[in-house]
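Student: Pasting the sequence and the predicted coordinates here, then a few questions.
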Amino acid sequence: MLIDTHSHVHFQEFRPELDTILDHAHAAGVEKILTVGCNDTDSAEAVAVARAHQNLWATVGLHPHDADRGYEALEEIARLAEFDKVVAIGECGLDNFRSQTTPEDQERALRFQIELGLERDLPMIFHVRDAFPQFFAILDEYRGDGVRGLVHCFTAGMPELEGSLERGLSIALNGIMTFTKDPAQLDAAKAVPLDRLVLETDCPFLAPVPLRGKRNEPANIVHTAKFLAQLRGEALEDLETATTQNAEKLFQI
C-alpha cells in the first residue's frame, strides 16, 4: 500500500472524474490520499470532498502565495480545522522564489498556523522555497512546544535536509526527483532516513517520468516510489512499507 500525502484532488478540474481517479489510485495500491488546502475557500472545498470519500483526508491552510488574505482567512482556517477528516494544518510556510506577498504577511500567517497546529494537536505541512534560514529561525522559537510535520516538495540540498531533520520534521518527495538534473537534490533524496520519508504527488502538478507533461494524479506515485527505491538502493517493498507507516503515524490515518 502507498499513501499520497499531498494531492489537490478537490480541485474543480478533478471533480467530473474524481471517482475514476480514485479507482485508478486503488488499482495502483494507493489506498489513502490527503487533499491539501491552499487558502480559506480552497480548504473548505478540500474538507467537503474528503468528508464525502472514505479514503480521503483533508488539510487546511493558507499558502504563502495567499498570505495577504488577512486574519479573516486565517480565522476561517481555524474554524475548518475543527472538522472531522482534517488531519493537518497546511500547506503553509515561506516562499522567496516567486510569491508576491510580503515577508511580513507570510511570517504572520505561518506563525498563526503553527500555533493553530499546536492548539489542535495537528501536524504541519510546510511549504519552504528559497527561505530555509528564515523558516528555521521561526520554527526554532517553538522548540519544545511539540511542533511536528513535514517539509512538502523537498528540493533543497544537504544543509536544508539536515536542518529539517534536526528539527524533527519528515521529508516529502515527489515526481521532481524523477526528472531533476540537480545532483544536490538527488544526494539529499538518498540521505533522507527511511523512517522520516514520505511520498506525495502534488497532483495535478509535477507528473513524474514517464508521464511528464500530463496531468498528475495519485496513482502516479508508484513511479516516484520505484525511482526512489532504485536511487536509494532499497527494495521497493521496504520503501513502500516504511513510507506508508510513516504517513499513517504522522497523520493518524
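Tutor: Nice, I can see it. Only a predicted model underlies this, so the values are computations on that prediction, with no experimental measurement involved.
Student: From here on, just use CA atoms for contacts and neighbour counts.
Tutor: OK.
Student: quick one: what helix or strand has V47 in it?
Tutor: helix 40-51 (DSSP states H and E).
Student: Does anything pack onto the next helix or strand after that helix? Which helices or strands?
Tutor: With elements assigned by DSSP H and E, the helix or strand that comes after helix 40-51 is strand 56-60. Applying 3 or more CA pairs under 8 Å, 6 or more residues apart in numbering; DSSP states H and E, one finds that strand 56-60 contacts strand 30-36, helix 40-51, strand 86-95.
Student: so the longest one versus strand 30-36, what angle?
Tutor: Yep, that's helix 40-51 we're talking about. 160 degrees (axes from the mean of the first three to the mean of the last three CA atoms, to 10 degrees).
Student: Tell me the helices and strands packed up against helix 40-51.
Tutor: Under the contact rule (3+ CA pairs under 8 Å, 6+ apart), helix 40-51 is packed against strand 30-36, strand 56-60, helix 70-80.
Student: what does it rub up against?
Tutor: 8, 10-11, 35-37, 56-62, 73-74, 76-77, 80, 83-86 (CA atoms under 8 Å, 6 or more residues apart in numbering).
Student: for the helices and strands packed on strand 56-60, which one ends up most surrounded?
Tutor: Across those, the average number of neighbours (mean count of other CA atoms under 10 Å) peaks for strand 86-95, which reaches a mean of 27.
Student: Give the burial count for the closest residue to P123 other than its chain neighbours, as a bare number.
Tutor: Computed as CA to CA, 6 or more residues apart in numbering, the closest residue to P123 that is not its neighbour in sequence is G149, at 4.6 Å. Neighbours of G149 under the rule other CA atoms under 10 Å: 22.
Student: Who are the contact partners of G149?
Tutor: Counting by CA under 8 Å, 6+ apart, G149 has contacts P123, M124, I125, F126, G168, L169, S170, L250.
Student: how does it look with 10 Å?
Tutor: 88-90, 117, 122-126, 167-171, 250-251 (CA atoms under 10 Å, 6 or more residues apart in numbering).
Student: How about G70?
Tutor: G70 sits in contact with L62, D105, R108, A109, where contact means CA under 10 Å, 6+ apart.
Student: likewise F11?
Tutor: Contacts of F11 by CA under 10 Å, 6+ apart are L18, T35, V36, G37, D42, E45, A46, V49, C203, P204.
Student: Let's have those in CSV, adding pLDDT and distance to A242.
Tutor: Converted to CSV, these look like this (pLDDT from 0 to 100; distance: CA to CA, whole Å):
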residue, pLDDT, distance to A242
L18, 98, 28
T35, 98, 21
V36, 98, 22
G37, 98, 25
D42, 98, 31
E45, 98, 30
A46, 98, 26
V49, 98, 27
C203, 98, 22
P204, 98, 25
